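Asker: Have a look; sequence and predicted model below, questions after that.
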Amino acid sequence: MKKLIFFCNEDDWFTRSQILTACERIEGLLGIDEQKFLILCKPRRKRSHPSTNETKLITKTLAVLTKLFRLTPSQLSTKLSNRYIFYKSKKHVLSEKKYKVVFVEKANSEKVADIFFNEDNPYVIFVHFDEIIKPRLLGLCVPFNLHSGLLPEFRGCQPLYWQISEKVPLAALTLHRMTEGLDEGDIIVEVPFDLLLDKSPSEHMVQNYRENVLANTLFLGVRRLFKFDKDFGIAQANFSGKARYFNRPVY
C-alpha cells in the first residue's frame, strides 16, 4: 500500500487541524495504519527581521482594537468565535503527536524530492498550497491538489474570492489530480458548501472548519483512491461549459 503524504503550510492551523481529523477518520474507518501517513509542512512566507515583526505586531494590534470598538454586538461575537476556533485548531495541532510531521523550507527542494523518491511513488495531497510544483517533483509521486472552488470554472488563485465576487452561491472543495497544467487534472471528489456572499474567504474557512468540510473531503478522496482500484476521476476536458483561470486578486 502506498504512503499517503499531506503537504500544507506550517502556519495554517485550520488546515493542519483538519488534516489530523482526516487522518483519524481514515485510520479508524478505512483501516489504514498510522505508519502510512506523513505530514509535510513548509513556511508560507519568508520570516522577517524581529524588529520588523515587532512593528507589524503593534500596528496590527492597534488596527484590531480600533475595529473592535466599531463592531456591533453580533459582529463582535462572530469575531470572538472565530478567534476561539483559531486557538482550538492550533491547540489540536500542537497537542497531536501520533502522526509523523516533517518540516521543510520549500516544496521544490532536494529534501522533498528525496522523501518522495524513498517512499516509492507515494500519494501526495497538496492542501491549500501557495507554491507551483515543478514537473520533476510531480514525476516522483502521484500528486493531488485540494482546490477551494468549482473546476474548471474557477481555476487559479484564491477561487473563493472570485466566486464571492461573482455572487456564486455555491462552491466546493475539489480534490483533483495534479498535472503540469494549472488545476487541469481529473477530479477525484467534490464536496459542496454554501457561499454566504457577505462573508470573506477567511470566514468561510472558519465555517468549513466547524463543519469538517475539509476533513470530510480528504476522507472521501482517500477512500476513493485506496478502495476503488484504478478509478482516477472525472476528466475536466469533458466539461461542456467554459473553463476559466483567475490571477491573484489585488485588494
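Answerer: Arrived safely, thanks for sending.

Asker: what pairs with V142 across the strands?
Answerer: Here V142 sits in beta bridges with Y123, going by DSSP bridges.

Asker: Give me the neighbour count for it.
Answerer: Here the number of neighbours of V142 (other CB atoms under 10 Å) works out to 17. Heads up, the C-betas are built off the backbone N, CA and C, glycines and all.

Asker: The chain should start at 39 in everything you say after this.
Answerer: All right, first residue 39 from here; so that's V180.

Asker: can you pull the contacts of it?
Answerer: V180 makes contact with 40, 159-162 under the criterion CB atoms under 8 Å, 6 or more residues apart in numbering.

Asker: This structure: helices as residue ranges?
Answerer: Remark: helices assigned in the chain by DSSP state H are 51-68, 88-106, 111-133, 148-156, 173-176, 197-203, 239-248, 251-265.

Asker: Looking at these, spot the one closest to I226.
Answerer: helix 251-265 (5.0 Å; CB to CB).

Asker: So which other helices or strands are in contact with that closest one?
Answerer: helix 51-68, strand 161-165, strand 180-185, strand 208-215, strand 225-232 (3 or more CB pairs under 8 Å, 6 or more residues apart in numbering; DSSP states H and E).

Asker: Can you tell me which of these is nearest to K128?
Answerer: Nearest to K128, of the helices and strands packed on helix 251-265 and by CB to CB, is helix 51-68 at 4.2 Å.

Asker: With just CA atoms, put stretch 265-285 into CSV.
Answerer: The C-alpha trace of stretch 265-285 is given here as CSV (Å, rounded to 0.1, in the frame of the first residue of the first chain):
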residue,chain,number,x,y,z
LYS,A,265,-10.8,1.5,-2.1
PHE,A,266,-11.7,2.0,-5.8
ASP,A,267,-8.9,0.5,-7.9
LYS,A,268,-7.7,2.4,-10.9
ASP,A,269,-10.5,5.0,-10.6
PHE,A,270,-8.9,8.4,-11.2
GLY,A,271,-12.0,10.5,-11.5
ILE,A,272,-13.7,12.8,-13.9
ALA,A,273,-11.8,14.3,-16.9
GLN,A,274,-12.2,18.1,-16.9
ALA,A,275,-11.8,18.0,-20.7
ASN,A,276,-15.3,16.6,-20.8
PHE,A,277,-16.8,19.7,-19.2
SER,A,278,-19.4,21.3,-21.6
GLY,A,279,-19.1,24.8,-20.1
LYS,A,280,-16.3,27.3,-20.1
ALA,A,281,-13.0,26.8,-18.2
ARG,A,282,-11.5,29.9,-16.7
TYR,A,283,-8.3,30.9,-15.0
PHE,A,284,-8.0,33.6,-12.3
ASN,A,285,-5.0,35.5,-11.2
